[in-house]
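Participant: got a sequence here, can you build the structure:
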Amino acid sequence: MAKTMAIANSGEGLEKIKAWPERIKTFYNDVRSEMRKVSAPSLKEVQGTTTVVVITVFLFGLYFWIVDNVIGNGVNYLFKYFTHR
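Facilitator: Reported below is the predicted structural model:
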């Protein structure tokens with residue numbers, strides 16, 4: 001039984017190896033056809049996107065700075081409160 005499975009699996013393995021060049025050719029043809037659909041963004045689109053990213057990063061940085069200070073001051077207050085009692 002095990003020999004039968006090994007022979008069957010080795011036959012499938014050989015077929016996969018033989019089909020490998022065709023699969024690579026198909027893959028590269030698919031890549032080429034998809035790359036033809038790709039277009040580079042215009043300068044105006046890049047500038048707009050960059051502006052949005054810079055503003056968003058600044059706002060998130062400000063938000064996390066505020067949250068960090070609030071939590072840090074709260075923890076410091078709790079430590080001082082419980083150490084003086």
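
Participant: flag the shaky bits of the chain, pLDDT-wise.
Facilitator: 1-11, 85 (pLDDT under 70).

Participant: so where do the helices sit in it?
Facilitator: 2-36, 43-83 (DSSP state H).

Participant: make TSV out of the ones you listed and add mean neighbour count.
Facilitator: (Glycine included, C-beta is placed from N, CA and C.) Listed next are the helices of the chain as TSV, based on neighbours: other C-beta atoms under 10 Å:
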stretch	mean neighbour count
helix 2-36	9
helix 43-83	10
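
Participant: quick one, domains of the chain?
Facilitator: 1-38, 41-85 (automatic domain parsing).

Participant: how about the contacts made by the residue nearest the centre of the chain?
Facilitator: Against the mean C-alpha coordinate of the chain, by C-alpha atoms, centre = their mean, the closest residue is residue 53 at 17.4 Å. Residue 53 makes no contacts at all, as judged by C-beta atoms under 8 Å, 6 or more residues apart in numbering.

Participant: great, nothing more from me.
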